[in-house]
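**Q** prediction below, plus the sequence it came from.
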Amino acid sequence: MTQRTATGDRKVFGLNPNVFFLGIVSLLTDVSSEMIFTLVPLFLSNVLGAATTVIGLVGGLSEGADAILRVFSGWLSDKVGKRKLLAVVGYSISTIARPFMYLASTWGAVLVVRFGDRIGKGVRTSPRDALVASSVSAEERGRGFGLHRAMDTLGAVLGLALVAFIVYSLQRGSLELSLETYRWLVIAGIVPAVLAVMVLVSFVRERKPPSGGSDSQAGAAVGFKGVGGFDRRFKVFLAVMAVFTLGNSSDFFVILRAQDLGSSVFHIALMLVLFNAAYAITSLPAGILSDRLGRRRVIILGWFVYALVYLGFALSSSLWQIWLLFACYGVYYGVVEGVARAFVADLVTEEKRGTAYGVYHGVVGFGLLASSLIAGWLWDAVSPAAPFYFGAVLAFVAMLGMLVLVRE
């Protein structure tokens, strides 16, 4: 018997077709991203000889560069009602930028290429999340985002498995990354990025606007007002997220910490496979759990895991502890990432979702930029453990804020 979703679409392997194919797009994109960009901190440190403060700058700008564009693209997708078009443009920009990493020979060149890649991410992310939200019913929203994040992270697992294979084939157990190895990673990572754009163009459908009016009309009526057009619950949630993100520096520092404690490049790649496997495994159950227990409780649980993990990175002195921490770090991501995005959709109306996702991602992006600059300074001025103590403290503060100030 033919199965259909709550929105009337024919299911694909039991999933809403947009959620499934956007998941495939994210899977392929993440295969490419992990191959080309995950080892960038080691490329900067081992090959280009960049200082930790520079690596923090590159990591922070990489994560925060798309912040403004996420705000604008989300609002624009509400106004014109063309979420798929903006997603296609964003994925295409990233795909065009990535091959230039092969030619990068200075940290400034790395920053420029990474900046171009993140511009693409800034254009696509808010419209894509709004498209996922409008493709599932409110009762299945946590499950929908959990499925999307699980497929996205499965791509990371596959990409990092390929990274581990290439690194092992070319340099075995070397403690430092070589230029030749990195360039092979770039070459191999271009192919899935191109395939992702092809899947998006061919199989994802634009969602019809709500019966009350078109997205274009609704967006035009709303106008761009930043957070001014949203209710207090959403604003308070953003404020708490800002506090948490200020201590959530770029994952560049997690990778550098593993190398600082004696991990080889090959072992770091395997640790990242473990991290993303844990992320993928926990994303769907966390989304389903949030549908039943509420998003707020699940987010608090995830932040508690994060605080413990960051304390662990600060205190660890042996490699087996780093392996365990990478796995737990993946659990944190799986618990929080999809659920937080579903919570945004819960807190705003349909016609404002694109703008809401833009503002949400903007707050997170600017927070990551600031936190990465702080972490780079703490690493050099105090100790490699200092950024992790700082992040753990702010996570506990954010947990209290979520518990006391935020309502479902």
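**A** It's in.
**Q** shaky segments in this protein?
**A** Flagging of the chain using pLDDT under 70 yields the residue ranges 1-9, 12-15, 62-65, 67, 207-229.
**Q** element containing the residue most central in space within it, please.
**A** By Cα atoms, centre = their mean, the chain has its centre lying nearest to Glu337, at 7.5 Å. Assigned by DSSP states H and E, Glu337 belongs to helix 319-347.
**Q** show me what secondary structure element comes after that helix.
**A** For helix 319-347, the succeeding helix or strand toward the C-terminus, using DSSP H and E, is helix 353-381.
**Q** show me what that next one packs onto, helices and strands only.
**A** With contacts taken as 3 or more Cβ pairs under 8 Å, 6 or more residues apart in numbering; DSSP states H and E, helix 353-381 sits against helix 52-64, helix 67-80, helix 107-134, helix 215-222, helix 232-246, helix 252-260, helix 319-347, helix 386-405. Yep, even glycine has a C-beta here, placed from its N, CA and C like the rest.
**Q** mind checking how far that helix is from the chain centre?
**A** 12 Å (Cα atoms, centre = their mean, to the nearest Å).
**Q** now the angle from that helix to helix 52-64?
**A** Counting by axes from the mean of the first three to the mean of the last three Cα atoms, to 10 degrees, helix 353-381 lies at 180 degrees to helix 52-64.
**Q** how about helix 353-381, which residues are buried there?
**A** Of all the residues in helix 353-381, those buried under the rule 16 or more other Cβ atoms under 10 Å are 353-376, 378-379.
**Q** could you do stretch 381-396 as well?
**A** Pro384, Ala385, Ala386, Pro387, Phe388, Tyr389, Phe390, Gly391, Ala392, Leu394, Ala395, Phe396.
**Q** need these in a markdown table with distance to Asp30, can you?
**A** Shown next, in a markdown table, are the buried residues of stretch 381-396 (distance: Cβ to Cβ, whole Å):
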| residue | distance to Asp30 |
| --- | --- |
| Pro384 | 28 |
| Ala385 | 30 |
| Ala386 | 30 |
| Pro387 | 25 |
| Phe388 | 25 |
| Tyr389 | 30 |
| Phe390 | 28 |
| Gly391 | 24 |
| Ala392 | 27 |
| Leu394 | 27 |
| Ala395 | 25 |
| Phe396 | 30 |
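**Q** just these now: which is nearest Ile68?
**A** Ile68 lies nearest to Leu394 out of these, by Cβ to Cβ, at 23.4 Å.
**Q** nearest spatial neighbour of Met241, skipping sequence neighbours?
**A** Leaving out its chain neighbours, the residue that sits closest to Met241 by Cβ to Cβ, 6 or more residues apart in numbering is Val363, at 5.8 Å.
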